[in-house]
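S.K.: My questions are about this predicted structure, shown below with the sequence.
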Amino acid sequence: MGKGTVVEIRKPEGIRDLLTETIRDGARSLLAAAIKAEVAEFLAANNPEDEKARFVRNGYLPEREIQTGIGAVGVKVPRVRDRSGNADGVLFRSSIVPAYLRRSGSLNEFLPLLYLKGISTNDFSEALAPLVGKEACNLSPGVISRLKAEWEGDYDVWSKRSLKGKEYVYFWADGIHLEARMDDKQCVLVIIGVTAQGNKELIALETGFRESKESWLSLLRSMKERGLTKAPKLAVGDGALGFWGALTEIFGETRHQRCWFHKMGNVLDKLPKSLLQRAKKHLQDIWMAPTREDACKF
């Protein structure tokens, strides 16, 4: 092949996106204004008007970048000096940009999702490069492994939290299959509770087998061991779940109810394609009926 007949296509070093840059500049200005107001509020609250000011502004800490959903945003946190020399623990600490913060909460939530989607530890930098730029190289396999250990620790604390004194009127149970790092037959077993005040709470979340009574027994036993001793009045779920046998064993007095959404799906799966649209319309009318009596008219 003659010289000059092959053109090398190089990966661009960076692409300037005017819209993103404009948004990022706006975010930087808003962040600076918010921190300035935070400092002013601290000074007003801790400097008596009739005395010499104890706290004064004293320049800025070195600028640092925080990785956010729109990429890196530079921030300079003001220094506040205490001229009194008192050791009473009163200091200015920014609640907007805490010390050592390097990633926003939204980005921290994004990282576990990438991991669950199957992104390998070696591919995180490439996956995040369009979002956070060159700083993505800091997310090495070692960093991701440490983050994974932190996520597992957070889940372990949450899954062992006390449920003592909790009372739920309803349970919703389901087994959800995710595109995540788990066996094809496994899923995430989920139980959501509703309190007497109408508040929904995620009670339990654990990997297991959707049709397995033993998987659901393990989950319900854990809930009871952690203090959930009062049975809910009603539980709602798909008829194919192993949940029902486990529920009868652990909370025998709880009434069972089939989930209408799952039931409609089961019915539609058995119909020929020629009837699907009519059946969907019919089922939607039932679903939207304001009362049980109206639903029975169908």
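M.R.: Yep, it's here. Here the structure is a predicted model, which is why all the values come from computation and not from measurement.

S.K.: Residues touching stretch 241-251, excluding its own?
M.R.: Residues outside stretch 241-251 that contact it (C-beta atoms under 8 Å, 6 or more residues apart in numbering) are 171, 173-175, 189, 209-217, 219-221, 224, 231-232, 235, 237, 254, 256. Backbone N, C-alpha and C define where each C-beta goes, glycine included.

S.K.: go again using 7 Å as the cut-off
M.R.: Residues outside stretch 241-251 that contact it (C-beta atoms under 7 Å, 6 or more residues apart in numbering) are 173, 175, 210-213, 215-217, 220-221, 224, 231-232, 235, 237, 254, 256.

S.K.: swap in stretch 35-54?
M.R.: 55, 57, 77-78, 80, 82-84, 90, 92, 94, 96-97.

S.K.: Where helices are concerned, which of those residues count?
M.R.: Of these, none are assigned to helices by DSSP state H.

S.K.: Return the member of those residues nearest to residue 166.
M.R.: If you rank the contacts of stretch 35-54 by distance to residue 166 using C-beta to C-beta, residue 96 comes first, at 33.7 Å.

S.K.: Report pLDDT for residue 47.
M.R.: Reading off the confidence values, residue 47 has pLDDT 88.

S.K.: With adjacent residues omitted, what lies nearest to it?
M.R.: Distances taken as C-beta to C-beta, 6 or more residues apart in numbering put residue 53 closest to residue 47, at 4.5 Å, once the chain neighbours are dropped.

S.K.: May I ask you to confirm that the one you found belongs to a strand?
M.R.: No. Counting by DSSP: H, G, I helix; E, B strand; the rest coil, one finds residue 53 to be coil, located in no strand.

S.K.: Can you select the buried ones from the contacts of stretch 241-251 in PyMOL?
M.R.: Only the buried entries of these go into this PyMOL selection, using 16 or more other C-beta atoms under 10 Å:
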select buried, resi 173+175+210+212+213+215+216+217+220+231+232+235+237+254
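
S.K.: Quickly note the distance from residue 173 to residue 277.
M.R.: The gap separating residue 173 from residue 277 is 31 Å, by C-beta to C-beta, to the nearest Å.

S.K.: again with residue 223
M.R.: Residue 223 sits 42 Å away from residue 277 when distances are taken as C-beta to C-beta.

S.K.: What are the boundaries of the strands in the stretch 151-298 of the chain?
M.R.: Counting by DSSP state E, counting those that start in this stretch, one finds strands in the stretch 151-298 of the chain at the ranges 170-176, 187-194, 200-208, 234-237, 255-258.

S.K.: Can you pull the domain assignment for the chain?
M.R.: 18-82, 105-159, 170-258 (automatic domain parsing).

S.K.: Which of those domains sits closest to residue 267?
M.R.: When the domains of the chain are compared by C-beta to C-beta, domain 170-258 sits nearest residue 267, at 11.5 Å.

S.K.: Quote the end-to-end distance of that closest one.
M.R.: End-to-end distance for domain 170-258, by C-alpha to C-alpha, to the nearest Å: 13 Å.

S.K.: still on that earlier bit, looking only at neighbour counts, state which of residue 223 and residue 277 leads.
M.R.: residue 223 (20 against 9; other C-beta atoms under 10 Å).

S.K.: Pull the contacting residues for the more buried one.
M.R.: 163, 203, 204.

S.K.: Just put these in TSV and tack on distance to residue 37.
M.R.: Shown next, in TSV, are those (distance: C-beta to C-beta, whole Å):
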residue	distance to residue 37
163	41
203	40
204	42
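
S.K.: Relative to residue 272, which of those is nearest.
M.R.: residue 204 (39.1 Å).

S.K.: Next, residue 167: phi, psi?
M.R.: Main-chain dihedrals, residue 167, degrees, to the nearest 10: phi -140, psi 130.

S.K.: and it, what does it touch?
M.R.: Neighbour list for residue 167: 195, 196, 230 [criterion: C-beta under 7 Å, 6+ apart].

S.K.: Just the buried residues of those.
M.R.: So, by 16+ other C-beta under 10 Å, none of the contacts of residue 167 is buried.
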